[in-house]
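Trainee: Pasting the sequence and the predicted coordinates here, then a few questions.
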Amino acid sequence: MVNKIEHIGIAVKNMDDANVLFEKMLGVPSYKMEAVESEGVLTSFFQTGNNKIELLVATNPESPIAKFLEKKGEGIHHIAFDVDDIEAEIVRLKNEGFVLINEVPKKGADNKLVVFLHPKNTNGVLVELCQEIK
Ligand SMILES: CC[C@@H](C(=O)O)C(=O)SCCNC(=O)CCNC(=O)[C@H](O)C(C)(C)COP(=O)(O)OP(=O)(O)OC[C@H]1O[C@@H](n2cnc3c(N)ncnc32)[C@H](O)[C@@H]1OP(=O)(O)O
Ligand SMILES: [Co+2]
């Protein structure tokens, strides 16, 4: 089952500047920063009520965030949904004809297993599914 939005991912060029801006905007500081080498990103998380924002900067030129910033500039990069059973969702979505970028869940940030749906089949929106690692 697909549950609530787990986070919204926002691509930024400079993490220090973005952290200051989002802290000012949301009135809370980043609660965690975490690098995910496999994705070539450094993340910073903000929680407001039930909502979670993930800021992402590229840590190498091959990172999806580096390419996104080059093509589209800063802004919303992906929407992530929480799921109970990521393996079951992979099967269900494949059967529905969605294209998964990775079919084997990988370790994301903030203690999650993640997979991505290709934006070409989702009205141009990069969708991440994530399941908490227990
Ligand atoms: C920190 C870990 C994790 C978490 O725990 O939360 C994360 O959030 S990691 C976030 C970064 N990782 C990823 O985004 C992984 C999934 N993404 C990819 O594998 C790639 O970015 C991609 C979506 C397959 C695109 O890669 P590629 O084909 O090499 O790049 P192009 O620049 O050539 O793009 C092709 C096509 O796709 C459009 N695109 C790219 N990114 C996005 C996006 N975020 N949202 C919407 N559309 C996107 C791009 O514009 C191109 O379209 P066309 O120009 O029309 O062909
Ligand atoms: Co994410």
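Mentor: Right, received. Where do you want to start? Numbering: from 1, shown residues only. Ligands and ions are numbered 1, 2, ... in the order given.

Trainee: only C-alpha atoms for contact and neighbour calcs from this point on.
Mentor: Noted.

Trainee: Those residues of this protein touching ligand 1, which are they?
Mentor: 36, 39, 64-65, 67-68, 77-78, 101, 108-109, 116, 118-119, 124-126 (C-alpha under 6 Å from any ligand atom).

Trainee: as a whole number, average confidence for the lengthiest helix in the chain?
Mentor: In the chain, assigned by DSSP state H, the helix with the most residues is helix 15-26. Averaging pLDDT along helix 15-26 gives 98.

Trainee: do stretch 48-60 as well
Mentor: The average pLDDT for stretch 48-60 rounds to 97.

Trainee: Need the contact partners of that stretch.
Mentor: For stretch 48-60, the external contacting residues (C-alpha atoms under 8 Å, 6 or more residues apart in numbering) are 5-15, 18, 26, 28, 40-47, 64-66.

Trainee: try it again with 7 Å
Mentor: By C-alpha atoms under 7 Å, 6 or more residues apart in numbering, the residues outside stretch 48-60 that reach it are 6-15, 40-47, 65-66.

Trainee: Just the buried ones among these, please.
Mentor: Neighbour counting with 16 or more other C-alpha atoms under 10 Å marks 6-13, 15, 40-47, 65-66 as buried within the contacts of stretch 48-60.

Trainee: Can you report how many residues neighbour Val28?
Mentor: For Val28, the count of nearby residues is 12 (other C-alpha atoms under 10 Å).
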